[in-house]
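S.K.: got a structure for you, letters missing:
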């Protein structure tokens, strides 16, 4: 069953791209993920070996890869235009090495101070698989010049 193995240091600032250090827990046969939040919609360059969870041209994006042990100590992520960013790397172990993530994205948005209903999520995988849900709340608005703030929660369900 996949389980959270650790995270790397959260980085924040203003840049066009940033090197993200590989967390110590990102060893062979683990899933290394990187959440990136920006203060405006951007198109991201996908680093070699990583896949995108979700869609391009967003304020919030998650990249992931299954580590094979040959990764360097860091990887560069870029978005082409100077922007305020917050980056949080994370690691899960005991993942399916061939299909670590069955991608299904659902978004719900609303104006500040408005309640929203969470999107429905259905696990269509085989029995015994796990469902990982990443929930995020962007606190700063797209027009806010401050560094974006993000609250992330990872929930793993077993069927």
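M.R.: Thanks, I have the structure now. This one's a predicted model, so the numbers in the text were calculated from it and none came from an experiment.

S.K.: shaky segments in this protein?
M.R.: 54-58, 102-159 (pLDDT under 70).

S.K.: in it, which spans are strands?
M.R.: In the chain, strands defined by DSSP state E lie at 3-7, 11-21, 30-42, 51-53, 58-66, 74-93, 130-138, 150-158, listed in chain order.

S.K.: any chance of these in a markdown table, with distance to residue 101 and mean neighbour count too?
M.R.: Yep, even glycine has a C-beta here, placed from its N, CA and C like the rest. Below are the strands of the chain laid out as a markdown table (distance: least, Cβ to Cβ, whole Å; neighbours: other Cβ atoms under 10 Å):
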| stretch | distance to residue 101 | mean neighbour count |
| --- | --- | --- |
| strand 3-7 | 14 | 15 |
| strand 11-21 | 19 | 15 |
| strand 30-42 | 8 | 21 |
| strand 51-53 | 6 | 15 |
| strand 58-66 | 6 | 20 |
| strand 74-93 | 10 | 18 |
| strand 130-138 | 7 | 15 |
| strand 150-158 | 12 | 13 |
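
S.K.: make CSV out of the ones you listed and add distance to residue 100.
M.R.: Formatted as CSV, the strands of the chain follow (distance: least, Cβ to Cβ, whole Å):
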stretch, distance to residue 100
strand 3-7, 13
strand 11-21, 19
strand 30-42, 5
strand 51-53, 9
strand 58-66, 5
strand 74-93, 8
strand 130-138, 9
strand 150-158, 13
